[in-house]
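**Student:** Provided below for reference: sequence and predicted model.
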Amino acid sequence: MTNTLKHTDFYDNEGKPAWKAWLTTTDHKRIGLLYFYSLTVFFLVGVLLGLMMRFELISPGKDLVEAQTYNGLFTLHGVIMIFLFVIPGIPAVFGNLTLPLLLGARDVAFPKLNLLSWYLYIGGAVLALSTLLVGDGPPDTGWTFYAPYSVKTGTNVSMAVLAAFILGFSSILTGLNFLTTIHRMRCHGMTWFRMPLFAWALYATSWIQLLATPVVGITLLMIVVERWLGIGLFDPVLGGDPVLYQHLFWIYSHPAVYIMILPGMGVISEIIPTFSRRRIFGYKAIAYASLAIAFIGYFVWGHHMFTSGMSGPARIIFSILTFLVAIPSAIKVFNWLATMYNGSIDHKPPMLYALGFIFLFLVGGLSGLVVGALATDVHLHDTYFVVGHFHYVMFGGTGFAFFAALHYWFPKIFGKMYNLKHATRAFWLLFTGFNILYFPMLVVGIMGMPRRYYDYLPQFQVPNVISTIGSWITTAGLIYMIVVIVKGIRHGEKASSNPWNGLTLDWQTDSPPTKENFDAIPTVTERPYEYK
Amino acid sequence: MSTNNTVSENHSTAVNHEHRDDAGRKMGMWLFLFTELLLFGGLFLVYSIYRFMNPADFSNGSHHLDVFMGALNTMVLITSSLTVALSITAIQKGNAKLALRMLAVTILLAIFFLVNKYFEWGHKIHYDLYPGTDLFKALPSGEGLFYVLYYFMTGLHMIHVIVGAVILVFMGKYISDGSINSSNYTLLENGGLYWHLVDLIWIFLFPLLYLIH
């Protein structure tokens, strides 16, 4: 089957030159791969900046870079990782690659718009990276661009902010595309509650992308206009209110955290039942939990501002609402565990990354409650505890889910299989390095070390050295994983069309799929994950 | 072509039978309009908060705006919403000529709006009432914020008027070459929806900036 169709799979350029066939494609799988390769490049740039920061922090005082350079490093590390990797991350790459396959459709609703999203993404990325090279140096405000400093600093803030604006537009268009696709293009028999849970997660994510991103878009435009025209929208000297900027920024950027994590949870919900050979426990609960997280996520932004000057009642309300988000998140975790109970669990690499996700997300989520609680947050605000928490959720959560998705859909996308033994070893190296890198941050944060300084007091050195060593192990793990993946793409053994024996529609077509995905549009008669 | 005949047949039918989903296209447009509303929503929020913080200064500022010009432009935009709706009805009934005419009237009204706006802004700029001048710096900070928001909000709206007019010009082109016709007019409906949004936002801007004293 796969053999006879080999030359009609979606890698076939149909006689066009390769560069043209790829850069003008409207095929969702090709666009997904374009995103995949570009995201990987930016991710590696972000890793490099992070490594430099960790190296600087190996001992007190100046080691590698000047204070101002360090300010640029943590700003760009944040901007690149958040706007170029984690936010587009799973939806842009694996959403594009698999959503139409999961729904039994031939493509997304607006294929040309999909390509435009990618070009906007590249445009924003080039603009963000060029802040390194041109003008008065990279921005030094932190990725949050807090006013009034972002209005006054002489560094390249306007360009970075415009980059974020363009990237936001790209994100909105992807969300719009997925929402329409999910509403209009499900195959025969696929009712809402027969949709795979990854599609549900993308659905909830897309609504956040659509409804939250414009707010940060206009806020960032206000920063640019304020810088160019010297007006006082957020500058207190000219009558503006800097706390208002923080509100507007977090009205988007907290929901954005759920743009980052929800698709990851969706990936895990695909992998757990497949590798436990069990019907997913609480299908509807997981689907509704995605919507609940997206909904409640709009009303918790104030918890970033407990120390910024808010009224007591407002702080208490934001704290309570923050705790409410933990409920749907925990519903998902318990449902995954219940799915595995009595299952025949297969510890293949995708499952390992999924289990790694659950563990790291647990640490990240619980440490999130510590900073979501009013009293402890006042102590821990702007310490390394927050940095540790954030990386456990974003790298341990979304990052590991990204790797899980990569190892899960690899045979579908490339039609080949990576070396399972080496992939397993790479996972363990990465997982170990990760904890050595980030757990000391939680400790040193409780000890009181503030974040965003290139220097620290001598008593914080031991955890910092451990953390820096962890950054090397993590990098080694990442390189190992990349080598395994690249070797798999190049020389991997041919994979069957359904190597994990999955039941969702993506596994019922060829690997790699044909341009049209399915020979005939399939019909669905039951829920996904009906493993017997 | 494929070695497998049945497969290749399936493929060619799939390619030839281009599936058109008008409801889906309209849904995409509505979703996009949500994002536009939220874009301006952010500005309305900032406006409300600064108005709450500086009620007297905002009142002073709005007294200096020309209510007649604003009202005239409001009438112009509401009329243009009518003409674009008439254009859609005309194409639905197969009258491409009338549809084109109504579209032309809409575009003329858009240009009238922009010219009017040019005189309004020009008048203020003539009196040095814009950010950076000595007069502007001497204003109370709340009044300065009012004018900053006035320029920002009407300026962003103006960009939308221009974009909307350009979209309508393309709609006219598609009607003339027949790709928008009585059986396929979703594109024109979507263009019309965008134009109604431009109108709708102005209907909120007008009272916020000109009428509330």
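**Tutor:** Perfect, thanks for sending it.
**Student:** Just the buried residues of stretch B:157-176, please?
**Tutor:** In terms of neighbour count (16 or more other Cβ atoms under 10 Å in any protein chain shown), stretch B:157-176 has its buried residues at B:His157, B:Met158, B:His160, B:Val161, B:Gly164, B:Ala165, B:Ile167, B:Leu168, B:Met171, B:Gly172, B:Tyr174, B:Ile175. Backbone N, C-alpha and C define where each C-beta goes, glycine included.
**Student:** The third one: what secondary structure?
**Tutor:** Read that as B:His160. Taking DSSP: H, G, I helix; E, B strand; the rest coil as the rule, one finds B:His160 in the helix state.
**Student:** separation between it and B:Met75?
**Tutor:** Applying Cβ to Cβ, to the nearest Å, one obtains 18 Å for the distance of B:His160 from B:Met75.
**Student:** ok, now the fourth one?
**Tutor:** B:Val161 is 15 Å from B:Met75, where distance means Cβ to Cβ.
**Student:** A:Asp12: what's its closest spatial neighbour, skipping adjacent residues?
**Tutor:** Take A:Asp12 and drop its neighbours on the chain: the residue closest to it by Cβ to Cβ, 6 or more residues apart in numbering or on different chains is A:Lys515, 7.2 Å away.
**Student:** Can you tell me the number of residues neighbouring that neighbour?
**Tutor:** 20 (other Cβ atoms under 10 Å in any protein chain shown).
**Student:** try A:Leu233
**Tutor:** 25.
**Student:** who touches it in this structure?
**Tutor:** With contacts defined as Cβ atoms under 8 Å, 6 or more residues apart in numbering or on different chains, A:Leu233 is in contact with A:Met222, A:Val225, A:Glu226, A:Gly240, B:Val46, B:Leu145, B:Val148.
**Student:** The third one is in contact with A:Val151, isn't it?
**Tutor:** Yes. Here A:Glu226 lies in contact with A:Val151, judged by Cβ atoms under 8 Å, at a distance of 5.1 Å.
**Student:** Next, show the common contact partners of the two.
**Tutor:** Contacts common to A:Glu226 and A:Val151, judged by Cβ under 8 Å, 6+ apart, are A:Phe234, A:Asp235.
**Student:** Show me what stretch A:35-49 is in contact with.
**Tutor:** A:73, A:76-77, A:80-81, A:84-85, A:88-89, A:92-93, A:96-97, A:118, A:121-122, A:125, A:129, A:475, A:478.
**Student:** mind listing what's buried in that stretch?
**Tutor:** Along stretch A:35-49, these residues count as buried under the neighbour rule (16+ other Cβ under 10 Å): A:Tyr35, A:Phe36, A:Ser38, A:Leu39, A:Phe42, A:Phe43, A:Leu44, A:Val45, A:Gly46, A:Val47, A:Leu49.
**Student:** cool, stretch A:67-80 as well?
**Tutor:** By neighbour count with 16+ other Cβ under 10 Å, stretch A:67-80 contains the buried residues A:Thr69, A:Tyr70, A:Asn71, A:Gly72, A:Leu73, A:Phe74, A:Thr75, A:Leu76, A:His77, A:Gly78, A:Val79, A:Ile80.
**Student:** show me where chain B has helices.
**Tutor:** Here chain B has its helices, by DSSP state H, at B:5-16, B:22-53, B:55-63, B:67-92, B:96-126, B:134-138, B:141-176, B:186-206.
**Student:** Compare the ones you listed and give me the one nearest chain A.
**Tutor:** Closest approach to chain A among the helices of chain B is made by helix B:141-176 (2.7 Å; Cβ to the nearest Cβ).
**Student:** counting contacts, what elements does the closest one pack onto?
**Tutor:** helix A:197-229, helix B:22-53, helix B:55-63, helix B:96-126, helix B:134-138, helix B:186-206 (3 or more Cβ pairs under 8 Å, 6 or more residues apart in numbering or on different chains; DSSP states H and E).
**Student:** Which one, of those helices, ends up nearest to A:Trp500?
**Tutor:** Each of these has some distance to A:Trp500 by Cβ to Cβ; the shortest is helix A:197-229, at 14.2 Å.
**Student:** The helix or strand just after that closest one near chain B at all?
**Tutor:** For helix A:197-229, the following helix or strand on the C-terminal side (DSSP states H and E) is helix A:242-276. Yes. Residues of helix A:242-276 contacting chain B under Cβ under 8 Å from any Cβ of the partner chain: A:Leu244, A:Leu248.
**Student:** could you give the mean pLDDT of helix A:242-276?
**Tutor:** When pLDDT is averaged over helix A:242-276, the result is 95.
**Student:** Give me the nearest residue to A:Ser467, chain neighbours excluded.
**Tutor:** In space, A:Ser467 comes closest to A:Pro440 once its chain neighbours are excluded; the distance is 4.3 Å by Cβ to Cβ, 6+ apart.
**Student:** got the contact list for B:Gly41?
**Tutor:** With contact taken as Cβ under 8 Å, 6+ apart, B:Gly41 is in contact with A:Pro214, A:Val215.
**Student:** From A:Asp382, how far out is it?
**Tutor:** Counting by Cβ to Cβ, the gap from B:Gly41 to A:Asp382 is 30 Å.
**Student:** follow-up on the earlier one: need the helices and strands packed on helix B:141-176 in JSON lines with distance to A:Ile466 and mean pLDDT, can you?
**Tutor:** JSON lines is the format used below for the helices and strands packed on helix B:141-176 (distance: least, Cβ to Cβ, whole Å; pLDDT from 0 to 100):
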{"stretch": "helix A:197-229", "distance to A:Ile466": "35", "mean pLDDT": "94"}
{"stretch": "helix B:22-53", "distance to A:Ile466": "43", "mean pLDDT": "95"}
{"stretch": "helix B:55-63", "distance to A:Ile466": "56", "mean pLDDT": "93"}
{"stretch": "helix B:96-126", "distance to A:Ile466": "61", "mean pLDDT": "95"}
{"stretch": "helix B:134-138", "distance to A:Ile466": "54", "mean pLDDT": "86"}
{"stretch": "helix B:186-206", "distance to A:Ile466": "55", "mean pLDDT": "96"}
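**Student:** about what we covered before: of the contacts of A:Leu233, which pair is most distant in space?
**Tutor:** The most widely separated members of those, counting by Cβ to Cβ, are A:Val225 and B:Leu145 (12.7 Å).
**Student:** And A:Lys494, its phi and psi?
**Tutor:** Listed backbone geometry of A:Lys494 is phi -60, psi 130, with angles given as degrees, to the nearest 10.
**Student:** Test my guess that it contacts A:Gly415.
**Tutor:** Yes. Counting by Cβ under 8 Å, A:Gly415 is a contact partner of A:Lys494 at 6.8 Å.
**Student:** In terms of neighbours, single out the busier of these two.
**Tutor:** Using other Cβ under 10 Å, the more surrounded residue of A:Lys494 and A:Gly415 is A:Gly415, with 21 against 11.
**Student:** Name the nearest residue to the most centrally placed residue in chain A, sequence neighbours excluded.
**Tutor:** When Cα atoms, centre = their mean is applied to chain A, the residue found nearest the centroid is A:Val86 (2.9 Å). Using Cβ to Cβ, 6+ apart and skipping residues adjacent in sequence, the residue nearest A:Val86 is A:Met260, 4.7 Å away.
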